[in-house]
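[1] Please work out how this folds:
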Amino acid sequence: MIKRIVKLTFRPEAVDAFITEVFEQSKQQIRAFPGCVHMELLRDVNVPNVLFTMSKWENELALEAYRNSDLFKFTWARTKALFAERAEAWSMEVLDEPAALEPIS
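    Residues are numbered from 1 along each chain as shown. Here you go, the predicted structure:
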């Protein structure tokens, strides 16, 4: 399992455009991409123009297939146009994670 965290620093006036015109329009396709297990959008609580995507992939091959896809290329081109700074990204192998919690009866 691979977790991918991408830090996105936008121009302050471009954050809403990213959320409504890029993320909202592509999130379901990304989440449905083969090998994507989870994807979410996060915002820095102290710096509102810094967002993060955190995604979980079955393996590196699935992540690379997404990164080489037309969906990624189209979405990334639209995203990059809104940046204030270059994006930073980390891919991490999951060594241990808790099991899903069972409901208390």
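
[2] does the residue most central in space within the chain sit in a helix, a strand or a coil?
    In the chain, the C-alpha closest to the average C-alpha coordinate belongs to residue 53, at a distance of 3.0 Å (C-alpha atoms, centre = their mean). Of the three states, residue 53 takes strand under DSSP: H, G, I helix; E, B strand; the rest coil.

[3] beta partners of it?
    Here residue 53 sits in beta bridges with residue 6, residue 41, going by DSSP bridges.

[4] State the distance from it to residue 27.
    9 Å (C-beta to C-beta, to the nearest Å). Every C-beta, even on glycine, is put in place using the N, C-alpha and C of the backbone.

[5] try residue 3
    For residue 3, the distance to residue 27 - C-beta to C-beta - is 17 Å.

[6] hang on, the earlier thing: so what sits against both of residue 53 and residue 27?
    39, 41 (C-beta atoms under 8 Å, 6 or more residues apart in numbering).
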